[in-house]
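[1] All I have is the shape, not the residue letters:
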């Protein structure tokens, strides 16, 4: 009965968003300069994804940059991955310095919000982190907030039925997060963690798996595969509709493997990790969340696990948002 009630509530909360657009399926080979034009689009993308998986350090390699602009509150810097949209090529981040009265130490957290987060989303969480002695740098994801081109109303270009674009823009988000770590390190932070929610959780894990400077990762709403969430999730039903009969799940999973958590679990060794999922989640199906937890344990890792007594959308509503926020902050205070 409780499950039915929460699922009904989740569907009602999801239905409040009325501006979702079903975009047509595209292979998106034009977003992949390394793609082989001599091959059919699907084969070309498959070869590119397979090559990426042979050396993911190279796939997520980040050239150093000192081109940071900081006004004491707002940080901007160029993205390491250039897209056709100029607005999206500048990264925006809001900085919340730790409260000195809280006994602040040289520790900080990069905060990655959820897909389609508004300009103020996760700002309250960042302020709370700062109040409890951890500086926070809240990033706007690609195609969000000030990075959104005029033709968009939602951040459709980071998750869509365009396969190549989705992979590359998620890769861009990881490179942006790593460059944010560069800045935190340059201003003197010695212990740095990362916190991500929903899509941000996936991107946070990819970042932590490829950046040894991140010693703690709080992953809030989790799944083992990127493609499976899009295929099954309530929040991405319109993306699945765009995929239509043009591709099957097995092929999509392989093409999006470079941006999926599954292959990177063993790379989280040495990173203190919190895995959070919601018992009645329809957007990140619980089966996929539990598979990621199981994969950590099979790899001999010992993550902390928190199961919220709510769903995906209801996590943002009291008292569940208080419980979630408390668990994330409490973990990061100990881990850093």
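    Happy to help now that I have it. Bear in mind that the values here come from a model prediction, so they are computed numbers and not experimental data.
[2] mind listing the strands for the stretch 1-150 of the chain?
    Under the criterion DSSP state E, counting those that start in this stretch, the stretch 1-150 of the chain contains strands at 69-70, 74-78, 90-96, 107-112, 135-139.
[3] Tabulate these (JSON lines), appending mean pLDDT and mean neighbour count.
    C-beta: built from backbone N, CA, C; applies to glycine. Below are the strands of the stretch 1-150 of the chain laid out as JSON lines (pLDDT from 0 to 100; neighbours: other Cβ atoms under 10 Å):
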{"stretch": "strand 69-70", "mean pLDDT": "96", "mean neighbour count": "12"}
{"stretch": "strand 74-78", "mean pLDDT": "97", "mean neighbour count": "17"}
{"stretch": "strand 90-96", "mean pLDDT": "98", "mean neighbour count": "21"}
{"stretch": "strand 107-112", "mean pLDDT": "97", "mean neighbour count": "29"}
{"stretch": "strand 135-139", "mean pLDDT": "97", "mean neighbour count": "25"}
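[4] At the geometric centre of this structure, which residue do we find?
    The centre of the chain sits closest to residue 200, judged by Cα atoms, centre = their mean, with a distance of 2.1 Å.
[5] Pull the contacting residues for it.
    Applying Cβ atoms under 8 Å, 6 or more residues apart in numbering, we find residue 200 in contact with 111, 112, 113, 114, 115, 117, 141, 220.
[6] let's see 6 Å
    Residue 200 sits next to 112, 113, 114 when contact means Cβ atoms under 6 Å, 6 or more residues apart in numbering.
[7] Redo those as CSV? Include distance to residue 181.
    Output for the contacts of residue 200, formatted as CSV (distance: Cβ to Cβ, whole Å):
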residue, distance to residue 181
112, 12
113, 17
114, 20
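[8] wait, which of these is closest to residue 150?
    residue 113 (21.8 Å; Cβ to Cβ).
[9] number of nearby residues for the closest one?
    For residue 113, the count of nearby residues is 27 (other Cβ atoms under 10 Å).
[10] Would you confirm that it contacts residue 120?
    No. Taking Cβ atoms under 6 Å as the definition, residue 113 is not a contact partner of residue 120, at 9.8 Å.
[11] dump the residue contacts of residue 140.
    Residue 140 touches 92, 147, counting by Cβ under 6 Å, 6+ apart.
[12] Mind pulling the model confidence for it?
    The model reports residue 140 with a pLDDT of 97.
[13] who's in contact with residue 309?
    Applying Cβ under 6 Å, 6+ apart, we find residue 309 in contact with residue 279.
[14] Identify whichever of the strands of the stretch 1-150 of the chain lies nearest to residue 25.
    Relative to residue 25, the nearest member of the strands of the stretch 1-150 of the chain by Cβ to Cβ is strand 107-112, separated by 27.2 Å.
[15] Listing partners with orientation, what would you give for the closest one?
    strand 135-139 (parallel), strand 191-197 (parallel) (DSSP bridges).
[16] with the contacts of residue 200 in mind, which one is nearest to residue 172?
    residue 112 (12.5 Å).
[17] so which helix or strand takes in the closest residue to the closest one other than its chain neighbours?
    Leaving aside its chain neighbours, residue 112 sits nearest to residue 200 (3.4 Å; criterion: Cβ to Cβ, 6 or more residues apart in numbering). Mapping residue 200 onto the secondary structure by DSSP states H and E places it in helix 199-209.
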